[in-house]
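Asks: what would the 3D arrangement of this be:
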Amino acid sequence: MSTQIPKQTEKADETAAETETDAPSKGDERRAEKRRRADERRRQREAEEAERAAADENTVELRVFRYDPDVEGKQEPRFDTFHVPFTKGMTVLDALMYARDSYDSSLTFRHSCRQAVCGSDAMFVNGGQKLACKTQIDELEEPIRVEPLPHAEVTKDLVVDMEHFYDQMEAVEPYFQTNEYPDGELEEQRQTRENREKIKMSTRCIWCSACMSSCNIAAGDNEYLGPAAINKAYRFAMDEREGEDVKQKRLEIIEQEHGVWRCQTQFSCTEVCPKDIPLTEHIQELKREAVKNNLKFW
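Replies: Modelled structure (predicted):
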């Protein structure tokens, strides 16, 4: 018995020593924790770099016209560059709103319905008159250059003074006038299907002034009625429900010196119209009506 006890004690001591040797020291634990944190930071950096690289590949470069006559240092026209994250279906208006909300809250432009109905966001995009809310980013070449409408006074950034345009529209009396009313109080003013089809396209005008901005004649003749106003005159002059005396008055307005005869049939207004109105055709038809109106047979 006395010879076996020391052997068991010896074995227990050896096992305890082995256990103590296998257990990590506090220094080992600290070094392992540092390595773990370093690996975690490295993986995080790699993820952020990959995210930035992906973002760089999916950004759109906008060069936006800037001008503010009321702020010193911004009174000289210039272009500012914005890099906007691209998303599928993004329009020029979406990109401008992101640039304004994320980078520069002083960026100024008009917009309202965002459905190509109000006509307030017509701009000069990559060298052409377009509605910002209707123009898809992925259909444009970069960098995308956004400017205010040409041939109009710029009030700030992408906003132009529309007063002259509205005055020209008002000059043709753009509202329905008739001498004959239905017999019944609640009876509607009837129109034939054929006549409705004839004037249908002319009723789509949203007063955006894109056509006026594209017209070289309007740029050189400030008194020219312009394609939008003449189209509005066409819409009512060709409506069979208007009285003959009213139609005569409209023809007298549009056949003046600065009316339909100033049009040189360049089709620029038709090309830029966001509602696809055949403006040049309507102007030519009014020319024919004016000629017939002045023919005298004795």
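
Asks: tell me how far stretch 233-249 lies from the chain's centre.
Replies: Computed by C-alpha atoms, centre = their mean, to the nearest Å, the chain-centroid distance of stretch 233-249 equals 35 Å.

Asks: next, the buried residues of the longest helix along the chain.
Replies: Counting residues, the longest helix in the chain under DSSP state H turns out to be helix 26-57. Buried residues in helix 26-57, counting neighbours by 16 or more other C-beta atoms under 10 Å, are absent. (Glycine included, C-beta is placed from N, CA and C.)

Asks: which stretches in this protein count as strands?
Replies: 59-66, 78-85, 122-125, 128-131, 144-147, 154-156, 159-160 (DSSP state E).

Asks: and the fourth one, what does it pack against?
Replies: The one in question is strand 128-131. strand 122-125, helix 210-214, helix 268-272 (3 or more C-beta pairs under 8 Å, 6 or more residues apart in numbering; DSSP states H and E).

Asks: all helices of the stretch 101-250 of the chain, in order?
Replies: 163-171, 193-199, 210-214, 216-220, 227-237, 244-254 (DSSP state H, counting those that start in this stretch).

Asks: nearest to Ala38, of those helices?
Replies: helix 210-214 (58.9 Å; C-beta to C-beta).

Asks: next, the contact list for the residue nearest the centre of the chain, please.
Replies: Closest residue to the average C-alpha location of the chain: Ala132 at 1.2 Å, with C-alpha atoms, centre = their mean. When contacts are counted by C-beta atoms under 8 Å, 6 or more residues apart in numbering, Ala132 touches 91-93, 96, 109, 111, 121-123, 125, 146.

Asks: so for stretch 244-258, mean pLDDT?
Replies: Averaging pLDDT along stretch 244-258 gives 90.

Asks: that older thread, now the helices and strands packed on strand 128-131 as TSV including mean pLDDT, distance to Tyr175 and mean neighbour count?
Replies: Below are the helices and strands packed on strand 128-131 laid out as TSV (pLDDT from 0 to 100; distance: least, C-beta to C-beta, whole Å; neighbours: other C-beta atoms under 10 Å):
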stretch	mean pLDDT	distance to Tyr175	mean neighbour count
strand 122-125	98	23	24
helix 210-214	97	20	26
helix 268-272	97	22	21
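
Asks: now render these as CSV, adding distance to Ala47.
Replies: As requested, the helices and strands packed on strand 128-131 are exported to CSV (distance: least, C-beta to C-beta, whole Å):
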stretch, distance to Ala47
strand 122-125, 36
helix 210-214, 45
helix 268-272, 46
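
Asks: so which of the ones you listed is nearest Arg100?
Replies: Per C-beta to C-beta, nearest to Arg100 of the helices and strands packed on strand 128-131: strand 122-125, 13.8 Å.

Asks: quick one: the spatially closest residue to Phe165 that is not a sequence neighbour and Asp161, what's the gap?
Replies: With sequence-adjacent residues excluded and distances taken as C-beta to C-beta, 6 or more residues apart in numbering, Phe165 is closest to Ser209, at 4.7 Å. According to C-beta to C-beta, to the nearest Å, Ser209 stands 11 Å off from Asp161.
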